[in-house]
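# Sequence isn't available, so here's the structure alone:
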């Protein structure tokens with residue numbers, strides 16, 4: 001086999017307690033830790049897509065995010081404002097795509113952003129001074145923006161790594177705390193775990209490929225010992241779910257709010273389903289664009305995502321000490337992920353303008369700033385991005401993913417369906433719930449409720465109940481009367 005066609009691998013040294021069948025720590029080079037940094041920059045929708053393709057079902061589920069992603073995939077494109085809206089959610093964009101494209105192992109197959117203009121774009125027929133990063137955007141003239149234009153590449157910063165600039169090997173603990181390799185750090189880890197020496201420990205050298213990295217990615221969400229599960233067991237041993245009632249103590253009044261109608265089982269306050277309008281669905285679907293690094297910063301330890309938080313905190317520490325590029329203060333999303341009501345504390349990227357030189361028949365490469373002089377037959381144009389969610393209009397519109405004036409139904413585990421394409425009767429029948437044990441409640445969703453819902457979506461299979469039930473109005477529980485469950489009457493066939 002040609003060596004150039006071989007898949008990249010990382011070298012790793014494991015220190016194992018064979019009696020306990022447990023990884024005590026791992027020793028890895030900068031390329032592998034750069035890969036971990038890259039995983040943190042991936043949007044949650046990309047992570048779900050990668051794990052769904054990975055042949056390891058036990059480690060492929062990410063709370064309710066898997067159902068949320070499948071809901072977008074299964075929903076008809078007719079329910080979205082444009083086809084690009086659906087594509088933005090199935091293949092969410094990251095501000096770090098150009099970084100990830102330079103990793104030794106680019107799991108997400110990301111590439112540097114591509115730029116498109118209208119096929120009619122030239123000096124004589126300017127449909128709009130706009131560009132797009134997707135060929136499914138619509139120009140103001142109604143045509144798809146399929147004409148690709150090149151962009152002048154910026155000089156890459158000199159350095160050995162993509163995210164890390166400090167030359168070193170690294171120590172990684174079983175719960176994904178990463179630190180620079182040193183005798184002091186090794187002794188500290190061993191001492192904290194109760195090992196007085198190496199007599200009970202064995203070393204193992206191995207090569208780590210894409211399958212192992214994807215298994216590790218799944219174990220980050222589903223295991224307290226991801227290194228052991230990945231390299232010794234080959235699958236995840238799921239942690240027990242904790243009670244999430246302590247996420248947020250009280251509602252935050254300030255800021256935008258949405259109204260959500262929920263149907264609650266009286267006996268245990270389980271939220272069975274919610275009915276809502278398009279603004280809440282836009283907000284819910286925007287979860288898929290949030291990078292993993294933001295969730296790790298955002299969620300506290302009682303959210304039961306200790307390994308995600310450990311990885312985020314330790315990588316941030318490495319970045320600060322080694323002057324890398326991984327530190328993120330707030331979640332910043334590409335400009336096309338703005339939505340009707342953004343309840344979370346996120347920042348939408350500022351619109352990036354580019355310049356190009358055009359003549360009667362040609363256009364030059366796009367550039368952030370053109371310094372050279374032009375002659376009389378040339379003209380410098382400034383191009384703004386068109387929002388792919390809009391239908392050829394300005395970027396100030398196009399805030400919606402799904403079409404307006406549409407009602408949706410959301411299950412407790414975040415399966416989303418348009419009510420014009422689902423049977424409410426069939427849903428109620430499937431629940432097999434006593435009719436008198438269901439009550440309708442209305443929840444006002446603000447920042448506190450949004451945070452709680454996001455956290456519950458990541459670590460439980462009952463996002464609505466775990467994330468929102470504590471915000472339901474306080475009512476006394478009543479014993480339900482003994483009646484039959486809701487059943488669909490059988491229709492007699494005509495003889």
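All right, it came through fine. Values in this document were obtained by computation on a predicted structure and should not be read as measured data.
# Please give the element, helix or strand, for residue 311.
Using DSSP states H and E, residue 311 sits in helix 306-322.
# next helix or strand past that helix?
Downstream of helix 306-322, the first helix or strand assigned by DSSP H and E is strand 331-333.
# elements contacting that next one?
Based on contacts counted as 3 or more CB pairs under 8 Å, 6 or more residues apart in numbering; DSSP states H and E, the elements that strand 331-333 packs against are strand 346-348. Where C-beta positions appear, they are placed from N, C-alpha and C, glycine not excepted.
# Parallel or antiparallel, which strands does the strand it packs on pair with?
strand 331-333 (parallel) (DSSP bridges).
# Please work out the average pLDDT along the strand it pairs with.
Mean per-residue pLDDT for strand 331-333: 88.
# list the helices and strands the helix holding residue 311 packs on?
By 3+ CB pairs under 8 Å, 6+ apart, helix 306-322 packs against helix 30-41, strand 178-180, helix 210-222, helix 292-298.
# Now do it: distance to the chain's middle.
Centre-to-centre, helix 306-322 and its host chain are 18 Å apart (CA atoms, centre = their mean, to the nearest Å).
# what's the angle between that helix and helix 30-41?
120 degrees (axes from the mean of the first three to the mean of the last three CA atoms, to 10 degrees).
# what is the closest residue to residue 27 other than its chain neighbours paired to in the beta sheet?
With CB to CB, 6 or more residues apart in numbering as the criterion, residue 27 has its nearest non-adjacent residue at 4.2 Å, and that residue is residue 13. Residue 13 has these beta-bridge partners by DSSP bridges: residue 27, residue 205.
# do the one 10 residues further on as well
With DSSP bridges applied, the residues forming beta bridges to residue 23 are residue 16.
# hang on, the earlier thing: ok, which of the helices and strands packed on helix 306-322 comes nearest residue 413?
Closest to residue 413 of the helices and strands packed on helix 306-322, according to CB to CB: helix 210-222, at 15.3 Å.
# which stretches of the stretch 351-495 of the chain have low pLDDT?
359-364, 371-374, 376-377, 392-398, 475-495 (pLDDT under 70).
# Quick check: residue 147 touching residue 115?
No - at 9.6 Å, residue 147 does not count as touching residue 115 under the criterion of CB atoms under 8 Å.
# neighbour count winner among these two?
Taking neighbours as other CB atoms under 10 Å, residue 147 and residue 115 compare with residue 115 leading, 21 against 18.
# check contacts around residue 116.
Contacts for residue 116 were tallied using CB atoms under 8 Å, 6 or more residues apart in numbering; they are 131-135, 137, 145-149.
# let's see it at 10 Å
By CB atoms under 10 Å, 6 or more residues apart in numbering, the contact list for residue 116 reads 130-137, 139, 144-149, 386.
# Which residues does it form beta bridges with?
Note on residue 116: beta-bridge partners residue 132, residue 148, judged by DSSP bridges.
# Show the pLDDT at it.
Residue 116 carries a pLDDT value of 86.
# returning to that earlier point: got the angle between the helix holding residue 311 and helix 210-222?
Comparing the axes of helix 306-322 and helix 210-222 via the same axes, to 10 degrees yields an angle of 110 degrees.
# Show the average pLDDT along helix 306-322.
For helix 306-322, the mean pLDDT works out to 79.
# The helices and strands packed on helix 306-322: lowest mean pLDDT?
Looking at those, the lowest mean pLDDT belongs to helix 292-298 (a mean of 78).
# and the two most separated of the contacts of residue 116?
Across these (CB to CB), the longest gap, 16.2 Å, separates 136 and 149.
# What separation is there between residue 464 and residue 273?
To residue 273, residue 464 is 8 Å away according to CB to CB, to the nearest Å.
# Comparing the two, which residue is more hemmed in?
residue 464 (27 against 19).
# mind listing what the more buried one touches?
64, 260, 262-264, 270-274, 410-414, 443, 453, 456-457.
# try 6 Å this time
By CB atoms under 6 Å, 6 or more residues apart in numbering, the residues touching residue 464 are 271, 412.
# ok but it is inside a helix, no?
Yes - counting by DSSP: H, G, I helix; E, B strand; the rest coil, residue 464 falls inside a helix.
# Okay, it and residue 449: tell me how far apart.
To residue 449, residue 464 is 11 Å away according to CB to CB.
# With residue 332 instead?
Taken as CB to CB, the span from residue 332 to residue 449 is 23 Å.
# Please say which of the two ends up with more neighbours.
Neighbours around residue 332 and residue 449, counted as other CB under 10 Å, are more numerous at residue 449. The numbers are 23 against 16.
# Based on its surroundings, how many neighbours for residue 23?
22.
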